[in-house]
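Engineer: attaching a predicted model along with its sequence, questions to come.
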Amino acid sequence: GCGILVNERMVNLPPQLVPQMHSSLCQDIMWARENAEDEADELEQAFDHVIVVAPCSTAQGDEGGAASQSGDAGLPSGTFFDKFDDECVCQGSELNYVFEVSEQGQSPKQYLVSLLKEKRYRTNVGKLSAML
């Protein structure tokens, strides 16, 4: 299975709470697996991969829609994240794709979609606490 993480939060959320927010998600997923009522519920909670959708911007000259397969090589060069934790969480992704969303009368927004193994996501969440 595959889980999707769309991380939106209040701008003034204290940065010290961000690692706990991600850790709580990992703990909730583990609890759901351990307390599944039957095999079908257990399979629904068995994520092999996580898709992270993160607001970002790219350096001048980089086009939206650029895809890269990075394995453990890192994130696409010239990518700047709106939230510090998104950069940490997306490290070691297997596939990255940047796309742009435009609304009439507003400047376009860019998002990075990263595919990473669930174990890698948990490892990256563990690194978040060390950052603060």
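Structural biologist: It's in.

Engineer: show me the strands in this structure, by range?
Structural biologist: Applying DSSP state E to the chain gives strands spanning 2-6, 49-58, 67-68, 79-81, 95-101, 109-117.

Engineer: if I average pLDDT within each of the ones you listed, which one is lowest?
Structural biologist: Lowest mean pLDDT within these: strand 67-68, at a mean of 56.

Engineer: that older thread, any chance of the strands of the chain in a markdown table, with mean neighbour count too?
Structural biologist: (C-beta placed from N, C-alpha, C; glycine too.) Output for those, formatted as a markdown table (neighbours: other C-beta atoms under 10 Å):
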| stretch | mean neighbour count |
| --- | --- |
| strand 2-6 | 13 |
| strand 49-58 | 19 |
| strand 67-68 | 14 |
| strand 79-81 | 17 |
| strand 95-101 | 17 |
| strand 109-117 | 20 |
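
Engineer: the ones you listed: which one's closest to residue 14?
Structural biologist: Of all the strands of the chain, strand 79-81 sits nearest to residue 14, with 18.1 Å by C-beta to C-beta.

Engineer: packing partners of the closest one?
Structural biologist: strand 49-58 (3 or more C-beta pairs under 8 Å, 6 or more residues apart in numbering; DSSP states H and E).

Engineer: could you report the neighbour count for residue 89?
Structural biologist: 25 (other C-beta atoms under 10 Å).

Engineer: what's near enough to touch the residue nearest to it when sequence neighbours are not counted?
Structural biologist: Distance criterion C-beta to C-beta, 6 or more residues apart in numbering; nearest residue to residue 89, sequence neighbours excluded, is residue 124 at 5.0 Å. Contact analysis of residue 124 by C-beta atoms under 8 Å, 6 or more residues apart in numbering lists 88, 89, 90, 91, 92, 116.

Engineer: perfect, I'm done here.
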